[in-house]
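S.K.: predicted model and sequence below, questions to follow.
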Amino acid sequence: MAIRVENLWYKYPGSQDLYTLKGIDLYLYSGNIYIITGPNGAGKSTLLMVLAGLLKPVKGDVTINNVSIFRNRDMRRYIGILFQNPDAMLFNPSVYDELVYSIKQIESSEKIIADRLSYWLNYFSLNTSILSQKPYTLSYGYKKLVALISILMYSPPILLLDEPHTGLAKRFVDKLLKLVVEHKMKGGLTVIATHNLKLYRDIADSFIRLENGSIVKIRSVKTYI
């Protein structure tokens, strides 16, 4: 599975001629971990949202296996995106409802849903008591973890993660890094937007640097660091 980004331009409504993304061209391939870096305001989060089909570019296109995600919305089922701010993703009355919401849109088997829920709770060593809690009462770190698991529940082959480690305890960060590597080994594609190059240096395949909405550098780990 591959993502192709072709001459992509994006500006937020009301921004007149101020483009957040300018002429982005990218090929992203399965079995790879890509790190998007750059200063604040470079367009990292915006690029992830466009890749997920949540923002429509003014010009250009994003395709998965040569199919536009804007002309065929079904392609978006292959994508899981984690926002930097988990509050933007949590809207259900309980953690349980939050975790099963997305997978229930594509999976009808209660057994499969229960098995996956059990797997991810065990993976992160979470007690089942968390399932009855209200998402908005959780700490920032646990909100981030719930939002992440809600994505992992439906096993998307493409993961778009915006500063996924922030707010997480070290034991959860270690689990995060492990699952990203496992995702790669299974043929998955992961794109991580972050300032923390050191954290992901040992698992990344390529670094993509954005500045002022444009790609200024694409390098392998060996040549970037």
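M.R.: Everything's here; your move. In this text, all values refer to a predicted model and were calculated from it rather than measured experimentally.
S.K.: for the chain, which spans come out with low pLDDT?
M.R.: Applying pLDDT under 70 to the chain picks out residues 221-225.
S.K.: let me see the ranges of the helices in it.
M.R.: 44-51, 95-104, 110-123, 140-152, 170-185, 197-200, 221-224 (DSSP state H).
S.K.: save these as CSV, and put in mean neighbour count too.
M.R.: In short, each C-beta sits where N, CA and C put it, glycine included. Shown next, in CSV, are these (neighbours: other C-beta atoms under 10 Å):
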stretch, mean neighbour count
helix 44-51, 23
helix 95-104, 19
helix 110-123, 13
helix 140-152, 21
helix 170-185, 15
helix 197-200, 16
helix 221-224, 12
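S.K.: make JSON lines out of those helices and add distance to residue 84.
M.R.: Shown next, in JSON lines, are the helices of the chain (distance: least, C-beta to C-beta, whole Å):
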{"stretch": "helix 44-51", "distance to residue 84": "6"}
{"stretch": "helix 95-104", "distance to residue 84": "18"}
{"stretch": "helix 110-123", "distance to residue 84": "21"}
{"stretch": "helix 140-152", "distance to residue 84": "9"}
{"stretch": "helix 170-185", "distance to residue 84": "14"}
{"stretch": "helix 197-200", "distance to residue 84": "15"}
{"stretch": "helix 221-224", "distance to residue 84": "22"}
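S.K.: among those, which is nearest residue 16?
M.R.: Among those, the nearest to residue 16 by C-beta to C-beta is helix 44-51 (16.4 Å).
S.K.: picking up where we left off before, for residue 158, find the nearest of the helices of the chain.
M.R.: helix 44-51 (8.2 Å).
S.K.: pull the residues that contact that closest one.
M.R.: The contact list for helix 44-51, computed with C-beta atoms under 8 Å, 6 or more residues apart in numbering, reads 3, 5, 8, 10, 20-21, 24, 36-38, 55-57, 62, 79, 81, 83-84, 160-162, 191, 193, 210.
S.K.: circling back to that earlier point, of all the helices of the chain, which one is nearest residue 134?
M.R.: Per C-beta to C-beta, nearest to residue 134 of the helices of the chain: helix 95-104, 7.6 Å.
S.K.: contacts for the closest one?
M.R.: 90-92, 113, 116-117, 120, 130-135, 138, 146-147, 149-151, 153-154.
S.K.: can you show me the CA trace of that helix as PDB?
M.R.: Extracted C-alpha coordinates of helix 95-104, given in PDB (Å, rounded to 0.1, in the frame of the first residue of the first chain):
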ATOM      1  CA  VAL A  95     -14.100   4.800  27.600                       C
ATOM      2  CA  TYR A  96     -15.600   1.600  26.500                       C
ATOM      3  CA  ASP A  97     -17.900   3.400  24.000                       C
ATOM      4  CA  GLU A  98     -14.900   5.400  22.800                       C
ATOM      5  CA  LEU A  99     -12.700   2.400  22.200                       C
ATOM      6  CA  VAL A 100     -15.300   0.400  20.300                       C
ATOM      7  CA  TYR A 101     -17.000   3.200  18.300                       C
ATOM      8  CA  SER A 102     -14.800   3.200  15.200                       C
ATOM      9  CA  ILE A 103     -14.400  -0.600  14.900                       C
ATOM     10  CA  LYS A 104     -18.200  -1.000  15.100                       C
END
